[in-house]
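**Q** predicted model, plus sequence, below.
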Amino acid sequence: MTATTPATPTYSAEELARLLEAGEPIQIMDVRAPHRLTQGRVDLAPDHRFHNVRGSELINRTSIESTGLDPELPVAVVCAMGKDSAVLAFHLARLGLDARSLEGGLDAWYKVTLPRELDPSESLDRLIQFDRIGKGCLGYLLLSDGEAVIIDPPLDAGAYLSAIEGAGARLVAVVDTHAHADYVSGAVPLTRELGVPYYLHPADAVYPYDGSPGRIEFEPISDDQALPFGRSVLRATHTPGHTEGSISILVDDRVALTGDFLFVESIGRPDLGGKEDIWAHALWESVKEVKTGWDRLTDIYPGHYAGESERRMGRAVGIPLGTLLEENPILRIGTRQEFVQFILNNRAPFPEAYRKIKALNLGLAPLDPQEVRELEVGRNECALAGGS
């Protein structure tokens, strides 16, 4: 199904995302094989407007009724790369439907990043959450007096750089809250290209599966270290458990960027480094420190989310710490023994791609764009199962 079609209308990934977020009644027709849906899909549309018919079957359906689609609503046709969907959108249009192809397919959907303005703390001019809606991944841009810091950028950091340019600011640092396993970080190539420091906790500069040291240049960041920029100061606090070098970034004790440590409805998995028994206890200690030492009014902004229910502040993903401690069932567990047992009882299958992604982020394997696309398919699997 590779024939070209004349001027097939398209949705860009960003356009489709914004329309679906705005509540536009757009149907999704995913033409991949059904088993591909387990890897991820366009999930902003409600289930009753999501359809999956294999492309080789859909092309042979000769009436709108036979497609199962609503003739009154527009249709976004989706495939892996946007080629088959162009052919099938043209076919549906000939049947009388308002059908458009998702340009770039799921590959583009996993990359699209939408900025969301958050309430900044007093020393920040702006705080922006960047939402990779296809993967449920979140990164942040902090702006203060003409200087900018990026936290947890993806490989394609164009949206962050555009926001910095639009603000007339200058990037002064990039921070990873941990060495990521679910997506390829943009921190190393970004800092190498722009000549700014890259901060990472040294415990995460080691490949956890065999102890191999990473081959990346970075500035070590440690517990309670201050990173001044503009009129603001970022304070790193070591919160191990998801990884050995996991940190959270606090600003004015009113904003906490927690990476994969705390989520709105769960907590970071401690098994992705192959050291679950040890890291589960470290995670307990990190949680205990939050409960006893962090201000309940602090807004928690995580590095991931699992679904739409985790959006608590408009379309942004975040929650005040006091509310989080009341509503997140894992954080209500009262003893170390119960906490560790809960983790052991809620093991999830290990995503094998994460070993390779971790190696890429540590400079232990070459970056190949095609391989990166394949490794990053689907939503993140960094949260502990059973959290909600």
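**A** Looks like it arrived, so ask away.
**Q** give the next helix or strand downstream of the least confident helix or strand in the chain by mean pLDDT.
**A** Least confident helix or strand, the chain: strand 311-313 with a mean of 78, by mean pLDDT, DSSP states H and E. Under the assignment DSSP states H and E, the closest C-terminal helix or strand after strand 311-313 is strand 316-317.
**Q** residues making contact with that following strand?
**A** Residues outside strand 316-317 that contact it (Cβ atoms under 8 Å, 6 or more residues apart in numbering): 116, 118, 129, 131, 138, 264, 301-302, 305, 310-311. To be clear about C-beta, it is placed using only N, CA and C from the backbone, and glycine gets the same treatment.
**Q** each with direction, which strands does the following helix or strand past that strand pair with?
**A** Beyond strand 316-317 on the C-terminal side, the first helix or strand identified by DSSP H and E is strand 319-320. Using DSSP bridges, the strands paired with strand 319-320 in its sheet are strand 299-302 (antiparallel).
**Q** check which residues of stretch 159-177 are buried.
**A** 159-161, 163-164, 169, 171-177 (16 or more other Cβ atoms under 10 Å).
**Q** check stretch 201-217 too.
**A** Going by neighbour count (16+ other Cβ under 10 Å), the buried part of stretch 201-217 is 201, 203-208, 214, 216.
**Q** what is the longest helix belonging to the chain packed up against?
**A** Secondary structure of the chain per DSSP state H: the longest helix is helix 276-293. Here helix 276-293 touches helix 336-345, going by 3 or more Cβ pairs under 8 Å, 6 or more residues apart in numbering; DSSP states H and E.
**Q** so the helix it packs on versus helix 276-293, what angle?
**A** Here helix 336-345 points in a direction 130 degrees away from that of helix 276-293 (axes from the mean of the first three to the mean of the last three Cα atoms, to 10 degrees).
**Q** on the three-state scheme, Gly168 is what?
**A** coil (DSSP: H, G, I helix; E, B strand; the rest coil).
**Q** check contacts around it.
**A** Gly146.
**Q** now with 10 Å?
**A** Gly168 is in contact with 143, 146, counting by Cβ atoms under 10 Å, 6 or more residues apart in numbering.
**Q** also Ser63?
**A** Counting by Cβ under 10 Å, 6+ apart, the residues that Ser63 touches are 71, 95-96.
**Q** for His51, same thing?
**A** Per Cβ under 10 Å, 6+ apart, neighbours of His51: 27-31, 45, 58, 67-70, 75, 77-78.
**Q** with respect to pLDDT, which of these ranks lowest?
**A** The lowest pLDDT within those belongs to Ala45, with 90.
**Q** excluding its backbone neighbours, what's nearest that one?
**A** Leaving aside its chain neighbours, Ala45 sits nearest to Ile28 (4.8 Å; criterion: Cβ to Cβ, 6 or more residues apart in numbering).
**Q** the one you found reaches Leu37, doesn't it?
**A** No. With contact defined as Cβ atoms under 10 Å, Ile28 does not count as touching Leu37 (11.0 Å).
**Q** hmm, Thr67 is touching Met29, no?
**A** Yes. Thr67 lies in contact with Met29 (Cβ under 10 Å); the separation is 7.5 Å.
**Q** shared neighbours of these two, anything?
**A** With Cβ under 10 Å, 6+ apart, Thr67 and Met29 have common neighbours 51, 53, 58, 75, 88, 92, 97, 99.
**Q** which element is the fifth one on?
**A** Yep, that's Leu88 we're talking about. Assigned by DSSP H and E, Leu88 belongs to helix 84-95.
**Q** avg pLDDT for that helix?
**A** Mean per-residue pLDDT for helix 84-95: 96.
**Q** which element follows it toward the C-terminus?
**A** Next helix or strand after helix 84-95 toward the C-terminus (DSSP H and E): strand 99-102.
**Q** and Gln39, what is it in contact with?
**A** Going by Cβ under 10 Å, 6+ apart, Gln39 touches 32, 80, 106, 377-379.
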